[in-house]
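Trainee: build the 3D model from these lines:
(one chain, ligands or ions: 1)
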Amino acid sequence: MTTRTLSSSSLCILLAITLSSSILLHGQAASSQPKFSVHWEELTASDFREGIHRSQGVCLLPFGIIEKHGPHLPLGTDLLDVRYAALHAADKEYAVVFPEYYFGQIAEAKHEPGTMAYSRGLQLALLQETTDEMARNGCKKILIVNGHGGNDSLLPYFAQTQLDKPHDYVVYVFNERSPDHGGPQKKTKIDMHAGESETSKMMIAHPELVHPDRATSESGADQARQKISEDIYTGIWWYTRFPFHYSGEGAAATKELGEYQMNWWIDSIVKAIQQVKADDVSPKLQKEFYEKSTHPLDTQPQ
Ligand SMILES: [Zn+2]
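Mentor: Below is the predicted model:
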């Protein structure tokens, strides 16, 4: 009898504890609801459907590279920086962000350790299949956010050649990484790779991967060894000027400059996402163009 009484009252206490803790847990879950992820790979299949709906079909493809970045920055600097900027931008203006992508043009760094340089044909084929697959999954507007200067010719070319044959999606390229002016005064003039700006931004994105003490162990000065005028282009130009794959002075970097430039970059991507969302002209005229291009002789001026 005593035992029974005890056990039923324990049961009551247990129930009360269970009930109150479940209320508490429920309350906590409601107040600290996890943010709806912008990461493609973190969404469940059904959440992905909701993500595409929220983003109005706008998906970001942050494009990095794996290459030497002076003596003091990690090989993945461009990938890490562009993902930091794109993910923060998508948090502010919702867009689904594609996973790590770094299969771009980097032939000019093949002489340095750790560089991943895919062949020309594969770069284009892989990018096409990637955007095709993104579009098949509802990304009807794909904004490639470029984090690597060596892609400056590749990406506009890729976008131009989307006119080759009909696609039910539009490729946009956002190719800015640093502001022209404003913010803390810069100390260096040459600053094209792993220099003042890039090192400063990395101090914001991944400070634990920056080694400022090593920044002066190699020269990032312009060697100016090519004696032809700048209006004649050759692929070896970069090596003639910056053979150590370093352009500028990483030692001049500061967190203040990094904060200014990174915020500028994030805000610029936010504005780009907003413009792409609002753009109903490109999809419409691209469709019209594809249709007309099947019978050019019938196309008349209006
Ligand atoms: Zn870089």
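Trainee: keeping just the C-alphas, turn stretch 220-230 into PDB.
Mentor: These are the backbone C-alpha positions of stretch 220-230, laid out as PDB (Å, rounded to 0.1, in the frame of the first residue of the first chain):
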ATOM      1  CA  GLY A 220      55.000  41.500 -53.900                       C
ATOM      2  CA  ALA A 221      56.700  44.300 -55.900                       C
ATOM      3  CA  ASP A 222      56.000  44.800 -59.600                       C
ATOM      4  CA  GLN A 223      59.100  43.300 -61.500                       C
ATOM      5  CA  ALA A 224      58.100  45.100 -64.700                       C
ATOM      6  CA  ARG A 225      60.000  42.700 -66.900                       C
ATOM      7  CA  GLN A 226      57.800  42.800 -70.000                       C
ATOM      8  CA  LYS A 227      58.800  45.600 -72.400                       C
ATOM      9  CA  ILE A 228      55.700  45.800 -74.600                       C
ATOM     10  CA  SER A 229      52.900  48.300 -74.300                       C
ATOM     11  CA  GLU A 230      49.800  47.500 -72.100                       C
END
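Trainee: contacts for that stretch next, please.
Mentor: Contact partners of stretch 220-230, identified using CB atoms under 8 Å, 6 or more residues apart in numbering, comprise 70, 190, 193-195, 234, 236-237, 240-244, 246-250. (C-beta placed from N, C-alpha, C; glycine too.)
Trainee: gap between it and the chain center?
Mentor: 31 Å (CA atoms, centre = their mean, to the nearest Å).
Trainee: report the buried residues of that stretch.
Mentor: G220 (16 or more other CB atoms under 10 Å).
Trainee: which non-adjacent residue is nearest P243?
Mentor: Take P243 and drop its neighbours on the chain: the residue closest to it by CB to CB, 6 or more residues apart in numbering is Q223, 6.3 Å away.
Trainee: host element of the residue in the stretch 151-300 of the chain that the ion sits nearest to?
Mentor: Across the stretch 151-300 of the chain, no residue is closer to the ion than E198, which sits at 5.2 Å (CB to the ion). E198 is part of helix 196-205, with elements assigned from DSSP states H and E.
Trainee: show the average pLDDT along that helix.
Mentor: Helix 196-205 comes out with an average pLDDT of 98.
Trainee: confirm L122 sits in a helix?
Mentor: Yes - counting by DSSP: H, G, I helix; E, B strand; the rest coil, L122 is located in a helix.
Trainee: I figured it was touching M116, is that so?
Mentor: No - using CB atoms under 8 Å, L122 is not in contact with M116; the gap is 11.4 Å.
Trainee: sorry, back to before: check the contacts of stretch 220-230 for burial and list the buried ones.
Mentor: 70, 193-195, 241-242, 244, 246-250.
Trainee: just give me the closest of those to L285.
Mentor: Distances from L285 to the buried ones among the contacts of stretch 220-230, taken as CB to CB, are shortest for H193 (37.1 Å).
Trainee: give me phi/psi at that closest one?
Mentor: phi -160, psi 120 (degrees, to the nearest 10).
Trainee: skipping adjacent residues, who's closest to it in space?
Mentor: S247 is the one closest to H193 (CB to CB, 6+ apart), at 4.1 Å.
Trainee: now I144: how far from L75?
Mentor: 21 Å (CB to CB, to the nearest Å).
Trainee: more neighbours: which of the two?
Mentor: Between I144 and L75, counted using other CB atoms under 10 Å, the more crowded position is I144 (23 against 20).
Trainee: so which residues of the protein form helices?
Mentor: Counting by DSSP state H, the chain has helices at residues 2-31, 45-54, 77-92, 120-136, 154-160, 196-205, 237-241, 255-278, 281-293.
Trainee: middle-most residue in this structure, spatially?
Mentor: Centroid check for the chain by CA atoms, centre = their mean gives P62 as the closest residue, at 2.4 Å.
Trainee: so that one versus S153, what's the distance?
Mentor: From P62 to S153 the distance is 19 Å (CB to CB).
Trainee: OK, contacts around the residue lying closest to T161 once chain neighbours are set aside?
Mentor: Leaving aside its chain neighbours, T161 sits nearest to L124 (8.0 Å; criterion: CB to CB, 6+ apart). For L124, the contacting residues are 154, 158, 161, by CB under 8 Å, 6+ apart.
Trainee: give me the number of residues near Q128?
Mentor: Residues lying near Q128 (other CB under 10 Å) number 16.
Trainee: repeat for the one 10 residues further on
Mentor: Here the number of neighbours of G138 (other CB under 10 Å) works out to 16.
Trainee: state the pLDDT value of it.
Mentor: 98.
Trainee: didn't it look like it was pressed against Q56?
Mentor: No - counting by CB under 8 Å, G138 sits too far from Q56 to count as a contact (10.1 Å).
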